[in-house]
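Asker: pasted the sequence and its predicted model underneath.
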Amino acid sequence: MTISVWRYSHLALAVSFFLFIALASITGIILAFQPLADKMPAYRAHDFNQITLSQAIPSLKAAYPDITDLSIDANQFLIAKGNDADGNKLLAYVDPRTGKVLGHPGNPNEFFQWVTALHRSLFLHEAGRIFMGITAFILLLIAISGTVLVIQRQRGVRHFFKKIVKENFAQYYHVVLGRLSLIPILIIALTGTFLSLTKFAIFTQPKKSAHVDLNAIKDGPKKKLSEFAIFKETKLADVQSIEYPFSDDPEDYYTIKLKDRELAINQITGDILSDVPYPTTVILNNLSLDLHTGRASAIWAIVLAVASANILFFIYSGFMITLKRRSNRVKNKYKAEESKFILLVGSENGNTFRFAGAIHQQLIKNGQTAFLAQLNDYKVYPQAKHIIVFTATYGLGDAPTNAKNFEKLLDQYQQLHPVQTSVVAFGSHAYPDFCQFGFEVNNLLSRQHWAVPLLEIHTVNDKSPAEFGQWATTWAQMANMDIEIAPELLNAKPTGLQSLTVIEKTPVTHDEGAFLIRLKTPRRSKFTSGDLLAIYPANDHRERLYSIGKVGNDIQLSVKLHRDGLGSGYLHQLQPGQSFKARIAANPHFYFPQNAPAVVLISNGTGIAPFLGMLDQNTKKISTHLYCGFRGQASFDLYESAIKSNLSGGQLNALHVAFSREGKKQYIKDLLAHDAEIVAGVLAKKGAIMLCGSLSMQNDMIELLDHICQSKLGESISHYQSHGQILMDCY
Amino acid sequence: MKHLLRFIFILTLLIIQANVSSAQTTKYKCMLQMTNYMGEGAYIVVSLVDSKGAYEKTLYVMGSDKKWYKNLATWFKFYKSKPTNISAITGASVTGGDRSVTTFEIENSKINAGYKLRFETAVEDNKYYEKDLEVPLTTEGIAGKTEGTGYIRYVRLSAN
């Protein structure tokens, strides 16, 4: 499976460093509680942010004549050092206004020290520090590659915070939480890297010392400490530490370490003797420490803890995603060159492989040579009789990563002889561009001269086993293959069989003619035009599907009687009053759009069946055009009276009939080409076009409609297909 | 009675002795200014050494993590051979550019008697200075400013 460079690096980095990242995360979560624990006994003075040095310095000097240092820690606790009035050692949290002792700094908590040592150096001193520094850097790279992956997935930065479709637990929360904790994790990784680098003096610039010209120091005029201008201006909250002068000698001065610079203050006159800004790296280092440890803010500390916990979750969910993908890897028994059945998969996450794999297995079991590959590996298959494409759509209507090159490859490699094709498109109605890539593949294939569509494109919503089963059964019948899909993929037996009673049936008037049959359903059953009726003519796994038209409250089918036709023969021999079991399969992708401003219905032959019901049900009188094609008037007779009454009832606005073997010998596409403006107008105002009938008609139509879309609307047909404006139900 | 007299005599002697010895020590405030070296906090030990350079007493230890003590190699040999409780005279390690003010007591009899204060420094795994600086315990030595050769820029003392 091709994996994009970003995803590959995201995974490779994560796999190689996950142990260290996990260790750093666990210890990080624990350490996030250190600032919280430190702040617990609150030694912070009331209104700390308002206190100036002119208040604190003199009052503390008065309380402790032998005070030497004051420092303000990250919790804004003020620590006084020196000797107290009795000559004993002073080391206490004090109140800046009164000098009252509030508490004593305890020994640093040994547990936290131990965890810190593990977190930053694995107890390995320098070597460990280098290693954890690298780990932080790797985390940074993982976060960046993850960001790129989210942007790719969401199709652009603008959609970064838009809804993510939930596919499975691990994947959904990997992305959702990834977006949420992206910023904190980037900060943790960046500051962690930076802190490690400064430890090794890579970024550091030497601090400059206060340069005091001792000869220029004045010893007058004497001012009171509380009158020093600089002390009045400076808030205690902006200070890191204060060194009191070592002695009363004028040459000894106050050193005030602010957050960004260091001041030397004459202890007699209050003059600023020196003002040295710190190098940027010192300021960055302090900022990094604040951000990395959360020491300055309890709330940030909690954010860091949550982000660290998220990292652990990413490790878990990332592995789940990877394992899931790996389990979907392709194992082929036969070579591509010798296989009759080629199964091509387009899948972003490998889910689609499961479905293709099931078919692959069945084919092998049937003694067939089958080859499973990704769409990006498409080439010439000399023995191929069938190509089946199973593809998902990625992001907003794009090709999955392993199908990105398919369009180019399809141009490049022409199959040597006709190959029957079928496309199964996987998607979810939760996305706006439902199965768009599937439709594109189908359209691309329909333009290949070697491709013979065996079935129309089949869509599978949300990996529905039932919908996939529908395709599998139909395909197996068309390919004369005995395929049983593993029960874990499908609901095994047809369920929801209902008893239907024949009300009336029209006679078949000519050879290969069609007939209408009306069936009464049990009162509880719910259905509408466009749904499918599944019958089991031989009472075995063979299923035949007919498009339902709801006329009155009954089911109306339009059936062409084939010689030896299993389904049509069965329905034809039924007599009014007879009952049989059948299943109504909801087929919502082919419902008459209730909110469209206008609808164009296109059918050939018995494909008109659902439209008869839809017109009957069009009580809202939505503007509707019907284009239907038949061989001749005799075939149309069957439907004419009903349609005429729809016309007069206002349920149908215009009727266009083409007869292929009589009169002008027209096909529907001729009518539509003539009415291209109408078609384009309907699509432009967000109306819908519905197609029902044979696959060859569908292919002609798609070609024509694509031409109309391109020339009149400047969009490709797949745009309208994916927006649900072109609905098809062909066979 | 004779015993009691002797006991009182000895007791008196002991008390006088004690008073004399306490009267013979002076507290010194010691200011230590570090150079602007980069890296971890420096471990510094202040010892009283005699004229031959032999250790007499540990006065102050800056740095509390015992695992780094062995890096202060020469002092550590002395400390291991005569372990004393240093917890009361232990403070925090000092980082580059910082100032540290500590207080310790020195017997007056050691002044002007050839004794010196030795400042030994080491920074974790980095360079170790056996004699970052030595302050001669003379009247001038105490009053002056002694420049360091390693992590210490200078040391000043002031009698309390």
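Answerer: It's in.
Asker: would you mind listing what in chain A touches chain B?
Answerer: Within reach of chain B by CB under 8 Å from any CB of the partner chain, chain A has these residues: A:66, A:68-69, A:81-83, A:87, A:89, A:125-126, A:201, A:204, A:206-209, A:243, A:246-247, A:255. C-beta here means a position set from N, CA and C on the backbone, and glycine is covered the same way.
Asker: what pLDDT does the model give residue 135?
Answerer: Since no chain was named, I'll use chain A. A:T135 is assigned 94 on the pLDDT scale.
Asker: the intended chain is chain B.
Answerer: Per the predicted model, pLDDT is 93 at B:V135.
Asker: what sits against the residue of the stretch 501-650 of chain A found nearest chain B?
Answerer: For the stretch 501-650 of chain A, the residue closest to chain B is A:H589, as judged by CB to the nearest CB, at 68.9 Å. Counting by CB atoms under 8 Å, 6 or more residues apart in numbering or on different chains, A:H589 touches A:459, A:724, A:727.
Asker: ok, now A:K235?
Answerer: A:49-53.
Asker: how about whichever residue of the stretch 351-500 of chain A sits closest to chain B: what's its closest non-neighbour residue?
Answerer: Per CB to the nearest CB, A:T401 is where the stretch 351-500 of chain A lies closest to chain B, at 47.5 Å. Residue nearest to A:T401 in three dimensions, not counting chain neighbours: A:S4, with 5.5 Å by CB to CB, 6 or more residues apart in numbering or on different chains.
Asker: ok, now A:T624?
Answerer: Nearest one to A:T624, counting by CB to CB, 6+ apart, is A:V599 at 4.9 Å.
Asker: buried subset of the contacts of A:K235 as a PyMOL selection?
Answerer: Command for PyMOL that selects the buried part of these, burial taken from 16 or more other CB atoms under 10 Å in any protein chain shown:
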select buried, chain A and resi 51+52+53
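Asker: please identify which helix or strand holds A:K81.
Answerer: strand A:78-83 (DSSP states H and E).
Asker: spatially, what comes nearest to the residue of chain B at minimum distance from chain A if we skip its sequence neighbours?
Answerer: The nearest approach of chain B to chain A comes at B:V101, 3.8 Å away (CB to the nearest CB). Leaving aside its chain neighbours, B:V101 sits nearest to A:T68 (3.8 Å; criterion: CB to CB, 6+ apart).
Asker: enumerate every residue touching the one you found.
Answerer: Contact partners of A:T68, counting by CB under 8 Å, 6+ apart, are A:81-83, A:243-244, A:246, B:29, B:101.
Asker: report pLDDT for it.
Answerer: Among the per-residue scores, A:T68 shows a pLDDT of 89.
Asker: give me the secondary structure label for it.
Answerer: The three-state label given to A:T68 by DSSP: H, G, I helix; E, B strand; the rest coil is strand.
Asker: from A:D252, how far out is it?
Answerer: According to CB to CB, to the nearest Å, A:T68 and A:D252 sit 11 Å apart.
Asker: what is in contact with those two at once?
Answerer: Here A:T68 and A:D252 have A:F246 as joint contacts, going by CB under 8 Å, 6+ apart.
Asker: returning to what we had before: surely the residue nearest to A:T401 touches A:Q152?
Answerer: Yes: between A:S4 and A:Q152 there is a contact under CB atoms under 8 Å: 7.4 Å.
Asker: and the longest helix for chain A?
Answerer: If you go by DSSP state H, chain A has its longest helix at helix A:5-38.
Asker: what separates the helix or strand following that one from the chain centre, distance-wise?
Answerer: On the C-terminal side of helix A:5-38, the closest following helix or strand by DSSP H and E is helix A:53-63. Distance of helix A:53-63 from the chain centroid (CA atoms, centre = their mean, to the nearest Å) equals 60 Å.
Asker: in helix A:53-63, what's buried?
Answerer: Residues of helix A:53-63 classed as buried: A:53-61, A:63 (neighbour count, 16+ other CB under 10 Å).
Asker: between these, which sits nearest B:G144?
Answerer: Nearest to B:G144 among those: A:K61, at 26.5 Å, using CB to CB.
Asker: okay, and the most centrally placed residue in chain A sits in which element?
Answerer: With distances taken as CA atoms, centre = their mean, A:I164 lies nearest the centre of chain A, 4.3 Å away. Using DSSP H and E, A:I164 falls within no helix or strand.
Asker: how about the contacts made by it?
Answerer: A:153-154, A:172, A:175-176.
Asker: now that we have these, which one has the most neighbours?
Answerer: A:V175 (21 neighbours; other CB atoms under 10 Å in any protein chain shown).
Asker: could you say which helix or strand contains the residue nearest the centre of chain B?
Answerer: Nearest to the mean C-alpha position of chain B, by CA atoms, centre = their mean, lies B:L59 at 2.8 Å. Here B:L59 sits within strand B:55-62, counting by DSSP H and E.
Asker: give me the pLDDT for A:I299.
Answerer: pLDDT for A:I299: 92.
Asker: how about residue 55, nearest residue that isn't a chain neighbour?
Answerer: The chain I'm using is chain A. Sequence neighbours aside, A:R97 is the residue nearest to A:Q55 in space, at 6.2 Å (criterion: CB to CB, 6+ apart).
Asker: chain B, not that one
Answerer: Spatial nearest neighbour of B:Y55, excluding adjacent residues (CB to CB, 6+ apart): B:F78 at 4.0 Å.
Asker: ditto for A:I242
Answerer: Using CB to CB, 6+ apart and skipping the chain neighbours, the partner closest in space to A:I242 is A:L70 (4.2 Å).
Asker: over to A:E467?
Answerer: That would be A:V460: by CB to CB, 6+ apart, it lies 4.5 Å from A:E467.
Asker: can you check A:L655 too?
Answerer: A:L626 (5.3 Å).
Asker: what strands line up against the strand or helix carrying that neighbour, and which way round?
Answerer: A:L626 is part of strand A:623-630, with elements assigned from DSSP H and E. According to DSSP bridges, strand A:623-630 forms sheet pairs with strand A:598-604 (parallel), strand A:654-659 (parallel).
Asker: okay, those in TSV with mean pLDDT next?
Answerer: Below are these laid out as TSV (pLDDT from 0 to 100):
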stretch	mean pLDDT
strand A:598-604	93
strand A:654-659	92
